[in-house]
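Visitor: have a look; sequence and predicted model below, questions after that.
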Amino acid sequence: MSQTLTVRRPDDWHLHLRDGAMLRAVLPESARHFGRAIIMPNLVPPVVTSDEARAYRDRIMAALPEGSDFRPLMTLYLTEDTDPADVVRAHTEGLISAVKLYPAGATTNSASGVRDFDRVRGVLDAMAEVGCPLCVHGEVTDADIDIFDREAVFIDRVLDPIRRATPGLRVILEHITTRDGIEYVKSADHGLGGTITTHHLIINRNHILVGGIKPHYYCLPVAKREEHRLALRAAATSGDARFFLGTDSAPHTDANKQSGCGCAGCFTATNTMSILAQVFEEENALDQLEAFTSRNGPDFYRLPVNDSTLTLTKSDQPMDYPAQIVTGDGPVTVFDPGFPLYWQVS
Ligand SMILES: NC(=O)N[C@@H](CC(=O)O)C(=O)O
Ligand SMILES: [Zn+2]
Ligand SMILES: [Zn+2]
């Protein structure tokens, strides 16, 4: 007899949709399962002003499959020149759901990010006042800091000082990859949340490097040691309201991944829900899947949970899904968890 699991329709609290041909190809992969997603603003050039966010939202809406009720939740890319009044207006109007902080140079398309955190103090204060959350890519970029330590160092040197300087600011530490990140989020009883990706629940750094380099497992923050992956799995499956799904599904063409200088990002939109069901089942926590994918995120963002539901069915046969999706820019490889998947979205 086949087993089924019904949850409130999930949301994705960290998603890269890109633009143009790539947007048109990847958007249906998310819209199929997710009700809403926080849309990352790291386009080239980035989405900095409210006018740019409105235009990007309209391009996303125009690219949605017929009949889809998926809703993009827009963000602004924080720069040292961001106008606090523009942020407040955009948030008050409901045009944006958050502002995104990229330390300059930390990741894909982050060159316009923040170098001097004192220069964004005014924006952060204004955000705290109106309750606009700050999404954070939590890595320092100092050349002398080892890439595997950059998240932990960021928490001490940047994130904690920011939160102390602006106590009312609501912050999401995104795509947590370390036990340090998990512990830091747990240290606050309100105003701090953390997203966890699908792939960081599956891979550790050995998956990237042992037996040949695996460009499709390379993302930022880079996957860490096994002990950190286990801490992420424990947090995600615990039901703790501070942790929720942000897939960080980040499409790059195979040509750009399989290169002498390959791009960072894993594309997980297609099979995320199947992978997560399996992870939660392995952790004997299927009853917590809905909290992680569908309840904790809306609660943090002060939004209602979705009205509709999503049902997964477990079959005896591994499910079929494409190894790649076709885009106008070239093929994009779908994240391979390294094991067959049995839970399929009905
Ligand atoms: N996660 C990644 O490895 N890449 C993201 C950027 C990001 O979220 O840091 C991208 O835009 O490709
Ligand atoms: Zn990031
Ligand atoms: Zn991302």
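Guide: Done, it's in. Residues are numbered from 1 along each chain as shown. Ligands and ions are numbered 1, 2, ... in the order given.
Visitor: how many neighbours does the residue in the stretch 1-150 of the chain that ligand 2 sits nearest to have?
Guide: Going by CB to the ion, ligand 2 is nearest to residue 137 of the stretch 1-150 of the chain, at 3.6 Å. For glycine as for every other residue, the C-beta is placed from the backbone atoms N, C-alpha and C. A total of 24 residues lie near residue 137 under the criterion other CB atoms under 10 Å.
Visitor: just confirm it contacts residue 103, I think it does.
Guide: Yes - between residue 137 and residue 103 a contact is recorded at 6.6 Å, counting by CB atoms under 8 Å.
Visitor: quick one: the strands in the chain?
Guide: Counting by DSSP state E, the segments of the chain that form strands are 3-8, 12-15, 36-39, 71-77, 96-101, 134-136, 171-173, 192-196, 243-245, 309-314, 324-325, 332-333, 343-345.
Visitor: any stretches of the stretch 1-150 of the chain with poor pLDDT?
Guide: 1 (pLDDT under 70).
Visitor: let's have the strands of the chain in a markdown table, adding distance to residue 123 and mean neighbour count.
Guide: As requested, the strands of the chain are exported to a markdown table (distance: least, CB to CB, whole Å; neighbours: other CB atoms under 10 Å):
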| stretch | distance to residue 123 | mean neighbour count |
| --- | --- | --- |
| strand 3-8 | 33 | 16 |
| strand 12-15 | 20 | 28 |
| strand 36-39 | 18 | 26 |
| strand 71-77 | 9 | 23 |
| strand 96-101 | 7 | 25 |
| strand 134-136 | 9 | 25 |
| strand 171-173 | 13 | 26 |
| strand 192-196 | 19 | 26 |
| strand 243-245 | 24 | 27 |
| strand 309-314 | 36 | 17 |
| strand 324-325 | 37 | 16 |
| strand 332-333 | 34 | 23 |
| strand 343-345 | 39 | 20 |
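Visitor: what parts of the chain come near ligand 1?
Guide: By the rule CB under 6 Å from any ligand atom, the part of the chain lying against ligand 1 is 16, 42, 107-108, 137, 219-220, 248, 250, 264-265.
Visitor: would you turn those into JSON lines with distance to residue 301?
Guide: Below are the residues of the chain next to ligand 1 laid out as JSON lines (distance: CB to CB, whole Å):
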{"residue": "16", "distance to residue 301": "18"}
{"residue": "42", "distance to residue 301": "20"}
{"residue": "107", "distance to residue 301": "22"}
{"residue": "108", "distance to residue 301": "24"}
{"residue": "137", "distance to residue 301": "18"}
{"residue": "219", "distance to residue 301": "24"}
{"residue": "220", "distance to residue 301": "24"}
{"residue": "248", "distance to residue 301": "17"}
{"residue": "250", "distance to residue 301": "21"}
{"residue": "264", "distance to residue 301": "26"}
{"residue": "265", "distance to residue 301": "24"}
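Visitor: out of the residues you listed, what pair is the most spread apart?
Guide: Farthest-apart pair in the residues of the chain next to ligand 1 is 42 and 219; separation 13.5 Å (CB to CB).
Visitor: tell me which of the two has more neighbours.
Guide: More crowded of residue 42 and residue 219, by other CB under 10 Å: residue 219, with 26 against 22.
Visitor: ok, longest helix in this structure?
Guide: When the chain is parsed with DSSP state H, its longest helix is helix 50-63.
Visitor: about what we covered before: turn the strands of the chain into a markdown table, including distance to residue 87.
Guide: Converted to a markdown table, these look like this (distance: least, CB to CB, whole Å):
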| stretch | distance to residue 87 |
| --- | --- |
| strand 3-8 | 30 |
| strand 12-15 | 19 |
| strand 36-39 | 16 |
| strand 71-77 | 6 |
| strand 96-101 | 6 |
| strand 134-136 | 10 |
| strand 171-173 | 15 |
| strand 192-196 | 19 |
| strand 243-245 | 23 |
| strand 309-314 | 33 |
| strand 324-325 | 34 |
| strand 332-333 | 32 |
| strand 343-345 | 36 |
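Visitor: burial measure for the nearest residue to residue 145 once chain neighbours are set aside, as a count.
Guide: Once flanking residues are discounted, residue 145 sits nearest to residue 153: 5.3 Å by CB to CB, 6 or more residues apart in numbering. By the measure other CB under 10 Å, the count of residues near residue 153 is 17.
Visitor: correct me, but residue 153 touches residue 140?
Guide: Yes - with contact defined as CB under 8 Å, residue 153 counts as touching residue 140 (5.0 Å).
Visitor: quick one: contacts for the residue of the stretch 201-346 of the chain found nearest ligand 2?
Guide: Distances between the stretch 201-346 of the chain and ligand 2 by CB to the ion are smallest at residue 220, namely 5.9 Å. Shown in contact with residue 220 (CB atoms under 8 Å, 6 or more residues apart in numbering): 106-108, 137, 139, 264-265.
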